[in-house]
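Participant: Need a 3D model of the sequence below.
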Amino acid sequence: PGLEERLKRAVLGLHALVGNAVTKGRHLVFAEGSTSLLAAIVSVAIARNQSSSEPVRIWAPAPYYSGYDLGDVFPSREVSFDAGRPAEEMSSLPNVVEMITSPNNPDGALHEKQLPSSMGVHDLAYLWPHYTAIPAQPVDPPKGHIMIWTLSKITGHASTRLGWAMVDDADLARELRARVCTLGCPLESQLKAT
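Facilitator: Here you go, the predicted model:
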């Protein structure tokens, strides 16, 4: 099998060994780290939001990871960084990408989805046994949610730029793949992962 197929098997095998995520029925999308995945997710949300005059809003409860602010990547008319605002204010707004970080960076809290109509993105970079206890039930987000992971948190190699998303929607997986690793993910990162 090719390198990407080996990488896919290695990632699925790792999740099966650790028991931290339900992978059955999900498509893997590889990218140059979780920030690239978030940018691709927001890009898809913008493309799907063309008919609205409202920007796509990125939201997470405080404290939140500052890397979620993609203001330098997208124009403000397309994306609004609203992290830290009260959930009550956000729940009535359209086009929200909700970052559900569990365990949270920087405080380690376990978060769940708070906004019923948002696009749920589960940032699970720290859901590994050397950071936190793994729940008895693996993470199994509702249909339409996205899980994102990064290799650097597992291995401690911050310079290894490899992340992956798990999505249950084949069309969304195709849209994300079209926006990440357009020239292929870094070979070095793939080799380290396998």
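
Participant: Could you report the neighbour count for Val97?
Facilitator: Applying other CB atoms under 10 Å, we find 25 residues neighbouring Val97. Bear in mind the C-beta positions are built from the backbone N, C-alpha and C, glycine included.

Participant: The chain: strands as residue ranges?
Facilitator: In the chain, the strands defined using DSSP state E lie at 27-31, 56-59, 79-81, 96-101, 119-123, 146-150, 163-167.

Participant: Would you format the ones you listed as a markdown table with mean pLDDT and distance to Ala47 included?
Facilitator: Converted to a markdown table, the strands of the chain look like this (pLDDT from 0 to 100; distance: least, CB to CB, whole Å):
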| stretch | mean pLDDT | distance to Ala47 |
| --- | --- | --- |
| strand 27-31 | 94 | 16 |
| strand 56-59 | 96 | 10 |
| strand 79-81 | 95 | 12 |
| strand 96-101 | 96 | 13 |
| strand 119-123 | 96 | 13 |
| strand 146-150 | 95 | 15 |
| strand 163-167 | 96 | 15 |
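
Participant: Let's have these in JSON lines, adding distance to Ala45.
Facilitator: Shown next, in JSON lines, are those (distance: least, CB to CB, whole Å):
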{"stretch": "strand 27-31", "distance to Ala45": "15"}
{"stretch": "strand 56-59", "distance to Ala45": "5"}
{"stretch": "strand 79-81", "distance to Ala45": "9"}
{"stretch": "strand 96-101", "distance to Ala45": "6"}
{"stretch": "strand 119-123", "distance to Ala45": "6"}
{"stretch": "strand 146-150", "distance to Ala45": "11"}
{"stretch": "strand 163-167", "distance to Ala45": "13"}
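
Participant: Looking at these, spot the one closest to Arg179.
Facilitator: With CB to CB, the closest approach to Arg179 among the strands of the chain belongs to strand 27-31: 8.6 Å.

Participant: From the centroid of this protein, which residue is nearest?
Facilitator: Here the mean C-alpha position of the chain is nearest to the C-alpha of Ile148 (CA atoms, centre = their mean), at a distance of 3.0 Å.

Participant: how near is Tyr131 to His145?
Facilitator: Distance, Tyr131 to His145, by CB to CB, to the nearest Å: 21 Å.

Participant: show me where pLDDT drops low in this protein?
Facilitator: 1, 181-194 (pLDDT under 70).

Participant: Val56: neighbour count?
Facilitator: Neighbours of Val56 under the rule other CB under 10 Å: 24.

Participant: That one reaches Ser80, doesn't it?
Facilitator: Yes. Between Val56 and Ser80 there is a contact under CB atoms under 8 Å: 7.3 Å.

Participant: if we can go back for a sec, Tyr131 and His145: who's more crowded?
Facilitator: His145 (20 against 14).

Participant: now that one: how far from Gly19?
Facilitator: Counting by CB to CB, the separation of His145 from Gly19 is 19 Å.

Participant: what residues are up against the residue nearest to the centre of the chain?
Facilitator: 34, 37-38, 41, 121-125, 163-166 (CB atoms under 8 Å, 6 or more residues apart in numbering).

Participant: can you do 10 Å?
Facilitator: Ile148 makes contacts with 29, 31, 33-38, 40-41, 99, 101, 121-125, 163-167, as judged by CB atoms under 10 Å, 6 or more residues apart in numbering.
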